[in-house]
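> quick one, fold the following:
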Amino acid sequence: MGSILRLSLAVLITLAFAGLSFAQATPATPAKPATPPEKIAPKKEEKAKTTGVTGEVVSVDAKAGTLTVKAKDKEMSFTAETKGAKKQLEKVKAGDRVRVSYTEKDGKRIARSVTMAKGEAKAKGMAKKEEKRETKAEKKRETK
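Have a look, this model is predicted:
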């Protein structure tokens with residue numbers, strides 16, 4: 001009876017160690033570094049935010065594509081880079097009230113569009129109409 005007990009004890013011990021060896025049979029996961037290497041992805045350039053300002057033209061140089069506008073006691077300088085914006089600069093002169101839509105790029109203000117301010121455009125239109133009326137009235141007087 002002692003031999004059967006020894007034999008069964010030996011089988012139990014063998015099975016116990018065999019169970020432990022199967023538990024470690026699964027492959028270990030590879031060790032990860034403490035800080036994973038950062039992937040340097042190029043930053044997508046954010047779409048430039050367009051801002052607008054209305055003010056009085058202090059100076060304009062259509063050939064150089066520069067414009068200075070005084071708005072709220074502050075002078076702001078702009079550069080026109082597109083053909084359309086440069087063409088618009090040819091239509092304005094110092095003293096005009098204009099609306100400038102611009103974006104900031106590398107610390108510079110880039111003018112996207114330059115338009116006459118609503119009140120100024122209406123005043124100029126009214127002045128032209130008045131001039132036409134006066135001219136017609138003068139012609140009528142001369143013919144009489």
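> which residues of this protein fall in strands?
For the chain, the strands defined by DSSP state E occupy 51-61, 66-71, 74-80, 97-105, 108-116.
> so for the shortest one, mean pLDDT?
Put plainly, it is strand 66-71. Mean pLDDT, strand 66-71: 92.
> in that strand, which residues are buried?
Neighbour counts over strand 66-71 (16 or more other Cβ atoms under 10 Å) mark 66, 67, 68, 69, 71 as buried. Where you see a C-beta, it was placed from the backbone N, CA and C, and this is true even at glycine.
> and residue 14, how many residues sit next to it?
The number of residues packed near residue 14 is 10, by other Cβ atoms under 10 Å.
> pLDDT score for it?
At residue 14, the model reports a pLDDT of 82.
> now it: how far from residue 8?
From residue 14 across to residue 8, the span is 11 Å (Cβ to Cβ, to the nearest Å).
> low-confidence ranges, this structure, go.
Filtered on pLDDT under 70, the chain yields the residue ranges 19-47, 119-144.
> if we can go back for a sec, any chance of a markdown table for the buried residues of strand 66-71, columns distance to residue 90?
Below are these laid out as a markdown table (distance: Cβ to Cβ, whole Å):
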| residue | distance to residue 90 |
| --- | --- |
| 66 | 13 |
| 67 | 11 |
| 68 | 16 |
| 69 | 16 |
| 71 | 21 |
